[in-house]
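1. Here is the input, now give the coordinates:
(one chain, ligands or ions: 1)
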Amino acid sequence: MRVLVVTAVPAERDAVTRAFGDVSEVAVREVPGARLHRVDAPGGCGVVDVLAGGAGPAAAAASTAFGLVSGPYDLVVSAGIGGGFTPVAPVGSLVVANGIVAADLGAETPEGFVPVTGLGFGRDRHLPPRSLVRDVAAATGALSGEILTVSTVTGSAERAAALLAAHPRAAAEAMEGFGVAEAAERTGVPVLELRAVSNAVGPRDRDAWRIGDALAALTGAFGKLIPVLEGWTRHERHDS
Ligand SMILES: O=C(O)c1cccc(C(=O)CC[C@H]2O[C@@H](n3cnc4c(=O)[nH]cnc43)[C@H](O)[C@@H]2O)c1
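-> The predicted model follows:
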C-alpha cells in the first residue's frame, strides 16, 4: 500500500506522521517541487508519504502533482484541520468527505452564485470511493459529509448561511481538498479528505480556534486509518 497525504502546513504534516511514531525519525525525500516525509506503515504493509504543500487549492494542486511523480500511489489523502458547520460538526470532531466541493468556483449572477458546471464547463466536485468513506468513518468515528473547499476562510454568519444554503450537505470547510483531488484525478488515483475541526464556520474568532486539540484528533485518526486503507487498497479498490 502506498499513500500520499497532503496537508497545508508543517504542523498538520507532523500531526499525521506522529501517528506512526517519533517525528524526528521520519525520512525526508526531496523530489522536484516537493518534500516528502516518508513513514513506514505499521506491520510492514507499505509506505505513507506526507507532504505539506501550502495553503489554498492552487498550492495544494501544484504540490500534489509534484508529489505524485514519486508514485505510483494507491490513494491520495487531503488532510488537516478545518472549520465545522454548526451543529453538525463541532470543534474537536472529525469529518471525512463524501464529496469534495469547490464551493466558490463559479460566477455571481443576479440570481445568485452559479457553479462552473452551471456555466457549462469544468467541474465543481469530486467523489471519494463510497466504501472507503464508510470504512474510514466507522474506524475513526468521523462523520461523513461534504467538505467545501474555499479560497477565503468564512468570517461571518451571513457567509456561513449562504454556503449552507448552496450546499445543504456541507459538514466542514477547508482550503485544499478540491486542489488535491484535481491533481489526483488526472493520474487516476482515488482521493479522500479528512479534517479535524478546529473552529466553527462563522464569525471570525481566531482566539477560539482549538488547533492543538484538532491536531491531536488528526493524529488519533491516522493511527486508526492504516488498517482500513490497507484492507481497502488490497480488496476493495476496484469494486467501490
Ligand atoms: O497556528 C498554528 O499553530 C497552526 C497549526 C496548524 C494549522 C494552522 C492553520 O492555520 C492551518 C490552515 C489550514 O486550516 C484549514 N482551515 C482551518 N479552519 C478553517 C476554516 O474555518 N475555513 C477554511 N479553512 C480552514 C485550511 O485548510 C487552511 O489551509 C495553524
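
2. Was I right to think Met231 contacts Ala138?
-> Rather than Met, residue 231 is Gly. No: here Gly231 does not reach Ala138: they are 11.7 Å apart, not a contact under Cβ atoms under 8 Å. C-beta here means a position set from N, CA and C on the backbone, and glycine is covered the same way.

3. For stretch 30-50, which residues meet the burial criterion?
-> Residues of stretch 30-50 classed as buried: 34-37, 39, 41, 46-50 (neighbour count, 16 or more other Cβ atoms under 10 Å).

4. ok, those vs the ligand, which is closest?
-> Top of the list for closeness to the ligand, among the buried residues of stretch 30-50 and by Cβ to the nearest ligand atom, is Val50 at 13.9 Å.

5. List the ones among the buried residues of stretch 30-50 that fall in strands.
-> 34-37, 39, 47-50 (DSSP state E).

6. which of those has the weakest pLDDT?
-> Ranked by pLDDT, those bottom out at Ala34 (82).

7. So that one is in contact with Phe66, correct?
-> Yes: taking Cβ under 8 Å as the definition, Ala34 is a contact partner of Phe66 at 4.1 Å.

8. Compute the inter-axis angle for the lowest-mean-pLDDT helix or strand in the chain and strand 34-40.
-> Within the chain, no helix or strand scores below strand 27-31, which has a mean of 88 by mean pLDDT, DSSP states H and E. Our comparison of strand 27-31 with strand 34-40, counting by axes from the mean of the first three to the mean of the last three Cα atoms, to 10 degrees, yields an angle of 150 degrees.

9. Paired strands for strand 27-31, with orientation please.
-> Strand 27-31 has its sheet partners listed here by DSSP bridges as strand 34-40 (antiparallel).
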